[in-house]
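In: here are the coordinates; sequence isn't available:
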């Protein structure tokens, strides 16, 4: 049985294909179109999935869209009616799109799919279409690929159709909803409201606010809990909507909200002040406390279930995830690496396979079924050579790329690392990564300003050999998808007490791997495993042999505002447009110093701010 | 036609019949505006709203 899952038309469009329950391929459309968070119909992602499985649309049993458009429209209409006439401006903006396109999604999906393979009989496609539910898609993406026979599944995001938080119980192939919290009460939207208040873009700037939080003190925590959100003992919550504008307006917060903090919202051009750091620290702390409260209540109620699965945009908050793991409320935690809406594609397909078609589920207890997240396009060595030659790139072919790259990294070079199948989800996990030596005190600044062209305060993540992980980090469970934050072990710390405040704290080299240690000694750890990530594991092992450090700094292979590179061509353009010293694409090694200078480009200028 | 059938089924299952007149008006006005876009009739429609 072959099923295609699609998520599209809001942000992070994606497609995923499963065959008899096995995830064969999955990719986000932005990687192909080079438009960050592309929300369009995922033509290229679908084309890739079909090619990867060697099938056509005619071979598919079902095509599943990740949410229900009618139900979403119902929520939008009811929201406008409940706030009328206040939301007329927003109503006027949203309605034409709904009345011309979104309400007729079945027709649009059919037309686009037919156009993909020049199919004349629309009925043949229409009859295969199914519509999942937004939170069911999230829950299915979290539970079915997990290595658990049974689990509590918690999904939290901005909003789907109506639900913003939902709790499910997964057992074998069944997945049943227990309870949900509905729009407008939403932890995701609360976090996004603060993201917007601090001058970052909603749906992409949340990472920045999370990275900013450790610089501040949570001094507004009580204010938030007193005025903005009422949290009950079981963790359920209600927002005071008089402080928010997202129900009826085109902004997230209103004057009452700004008055509460006695400060107007920050614009993207404004300096980040201590106040902004304190606000970020406060909302991060509030989110963590609410999540822990919810999970404490769940751990009490769900007697005997020791496993927890997480999905939805809130599950990308790796700081909160680290605290959940540390709390010990659940023995095991598994988080869908594509926890945001892109993961809805794989969830929708899996939900159809297990719930609609009632198939049996086999659980592999030692490993999840996401294949290390490497579900995207790959390019074989011959293809890479042809593509690089066509670009005019100068390269050497070697079978010892791990050793060559490790030597360069130890010599403080910055390396673009392109190997195997591209990652599905927002994190680069060693297939499309920029790597550097984390032992360098200046590397964080260099990478932020000269390679990524982004704010200097943003932290970088360490990738560590799983075998050595617990020597370096306060983490016992694996973290292959970089979704857990843990503290650097005291034995690896070097820094004394902080002397400055705010961004001055960046100057203090606080551990043996300062470039990958945040100001609060935390790190967003990726454990690298031989089984799922052999080439990256080999590189880390070679680096360890040279330096006795089993850690590399790992950041996504892109510049600010650019989707992660997909093809060797994308990688070469990025390589020539920023300060990466060496590029390794499969077995081809490229040195910047050997390249023709005519290839140097203003890569950064091609992409907008994120 | 299939769209209308599915919409009716949705309203029935969700017991949200109150949405019917609103949606009918929105769809009617929407298609009217779409149909007369660029035509001489457009002038009269815009004065109505």
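Out: Good, I have the coordinates. Since the model is a prediction, treat every value here as computed from it, not as a measurement. Numbers count the residues shown, from 1 in each chain, chains lettered A, B, ... in the order given.
In: Please verify my assumption that residue A:500 contacts residue A:274.
Out: No - between residue A:500 and residue A:274 there is no contact under C-beta atoms under 8 Å: 11.2 Å. Any C-beta I mention is one placed from the backbone N, CA and C, and that applies to glycine too.
In: The two - which one has more neighbours?
Out: residue A:274 (13 against 10; other C-beta atoms under 10 Å in any protein chain shown).
In: which phi and psi does the more buried one have?
Out: Per-residue torsions, residue A:274: phi -60, psi -30 (degrees, to the nearest 10).
In: dump the residue contacts of it.
Out: Residue A:274 makes contacts with A:216, A:501, A:502, as judged by C-beta atoms under 8 Å, 6 or more residues apart in numbering or on different chains.
In: quick one: residue A:181 is in a strand?
Out: Yes - assessed with DSSP: H, G, I helix; E, B strand; the rest coil, residue A:181 lies in a strand.
In: Please work out how many residues are found near it.
Out: 19.
In: Also residue A:470?
Out: 15.
In: Which residue is the nearest non-sequential neighbour of it?
Out: Excluding its sequence neighbours, the residue lying closest to residue A:470 (C-beta to C-beta, 6 or more residues apart in numbering or on different chains) is residue A:476, at 5.9 Å.
In: what are the ranges of the helices in chain B?
Out: In chain B, the segments counted as helices under DSSP state H are B:2-14, B:19-36, B:42-48.
In: Kindly reformat those helices as TSV and extend each row with mean neighbour count and distance to residue A:512.
Out: TSV is the format used below for these (neighbours: other C-beta atoms under 10 Å in any protein chain shown; distance: least, C-beta to C-beta, whole Å):
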stretch	mean neighbour count	distance to residue A:512
helix B:2-14	12	59
helix B:19-36	14	62
helix B:42-48	10	69
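In: where among the ones you listed is the average confidence lowest?
Out: Per-stretch mean pLDDT for the helices of chain B is lowest at helix B:42-48 (a mean of 53).
In: what's near enough to touch residue A:342?
Out: By C-beta under 8 Å, 6+ apart, the neighbours of residue A:342 are A:7, A:12, A:13, A:14, A:28, A:424, A:425, A:426.
In: For the last one, the count of nearby residues, please.
Out: Using other C-beta under 10 Å, residue A:426 has 22 neighbouring residues.
In: what do you get for the fourth one?
Out: Counted with other C-beta under 10 Å, residues neighbouring residue A:14 total 30.
In: and it, backbone torsions?
Out: Backbone geometry at residue A:14, expressed as degrees, to the nearest 10, gives phi -160, psi 170.
In: Identify the residues contacting it.
Out: A:6-8, A:26-29, A:42, A:45, A:338, A:341-346, A:424.
In: between the contacts of residue A:274, which is nearest chain B?
Out: Proximity of these to chain B (C-beta to the nearest C-beta) peaks at residue A:216, which lies at 44.5 Å.
In: That closest one and residue A:445, how far apart?
Out: The gap separating residue A:216 from residue A:445 is 20 Å, by C-beta to C-beta, to the nearest Å.
In: of the two, who's got more company?
Out: Neighbours per residue (other C-beta under 10 Å) separate residue A:216 from residue A:445, with residue A:216 holding more: 22 against 15.
In: Could you pull up the contacting residues of the more buried one?
Out: Counting by C-beta under 8 Å, 6+ apart, residue A:216 touches A:274, A:276, A:277, A:278, A:279, A:280, A:281, A:282, A:502.
In: Count the neighbours of the fifth one for me.
Out: The local packing count at residue A:279 equals 26, with neighbours defined by other C-beta under 10 Å.
In: Verify the assumption that residue A:64 is located in a strand.
Out: Yes - looking at residue A:64 with three-state DSSP, it is inside a strand.
In: of all the residues in chain A, which ones are close to chain B?
Out: Residues of chain A found near chain B (C-beta under 8 Å from any C-beta of the partner chain) are A:70-71, A:74, A:77, A:81, A:95-96, A:99-100, A:104, A:106-107, A:126.
In: Now list the buried members of those residues.
Out: Buried residues within the residues of chain A next to chain B, defined by neighbour count using 16 or more other C-beta atoms under 10 Å in any protein chain shown: A:70, A:71, A:74, A:77, A:95, A:99, A:106, A:126.
In: out of those residues, who's nearest residue A:205?
Out: Checking these against residue A:205 by C-beta to C-beta gives residue A:95 as the nearest, at 27.4 Å.
In: I'd guessed the closest one sits against residue B:29; true?
Out: No - in this structure, residue A:95 is not within contact of residue B:29 by C-beta under 8 Å, at 9.4 Å.
In: Residue A:26 in helix, strand or coil?
Out: Secondary structure assignment for residue A:26 (three-state DSSP): strand.
In: Kindly state the beta-bridge partners for it.
Out: residue A:16 (DSSP bridges).
In: who touches it in this structure?
Out: By C-beta under 8 Å, 6+ apart, the neighbours of residue A:26 are A:14, A:15, A:16, A:17, A:49, A:338, A:345, A:346, A:375, A:376, A:424.
In: do the same with residue A:277
Out: Counted by C-beta under 8 Å, 6+ apart, residue A:277 has contacts A:212, A:213, A:215, A:216, A:217, A:502.
In: what's the closest non-adjacent residue to it?
Out: Take residue A:277 and drop its neighbours on the chain: the residue closest to it by C-beta to C-beta, 6+ apart is residue A:216, 3.1 Å away.
In: In the stretch 351-500 of chain A, which residue sits closest to chain B?
Out: Proximity of the stretch 351-500 of chain A to chain B (C-beta to the nearest C-beta) peaks at residue A:356, 17.0 Å away.
In: ok, now which ones touch that residue?
Out: Contacts of residue A:356 (C-beta under 8 Å, 6+ apart): A:62, A:130.
In: Contact residues of chain B facing chain A?
Out: Contact residues (C-beta under 8 Å from any C-beta) of chain B with chain A: B:2-3, B:6-7, B:10, B:14, B:16, B:19, B:22-23, B:26-27, B:30, B:34.
In: Could you work out the most separated pair of these?
Out: B:14 and B:34 (26.8 Å).
In: residue in the stretch 51-200 of chain A nearest to chain B?
Out: For the stretch 51-200 of chain A, C-beta to the nearest C-beta, closest residue to chain B: residue A:99, 3.9 Å.
In: where's that residue, which helix or strand?
Out: helix A:88-100 (DSSP states H and E).
In: can you list contacts of that helix?
Out: Helix A:88-100 is contacted from outside by A:73, A:76, A:80, A:84, A:248, A:249, A:250, B:26, B:27, B:30, B:34, using C-beta under 8 Å, 6+ apart.
In: neighbours of the third one, just the number please.
Out: If I follow you right, that is residue A:80. As a measure of burial, residue A:80 has 20 neighbours, counting by other C-beta under 10 Å.
In: And whatever helix or strand it lives in, what does it pack against?
Out: For residue A:80, the host element (DSSP H and E) is helix A:69-83. Helices and strands touching helix A:69-83, by 3 or more C-beta pairs under 8 Å, 6 or more residues apart in numbering or on different chains; DSSP states H and E, are helix A:88-100, helix B:2-14, helix B:19-36.
In: Sounds good, over and out.
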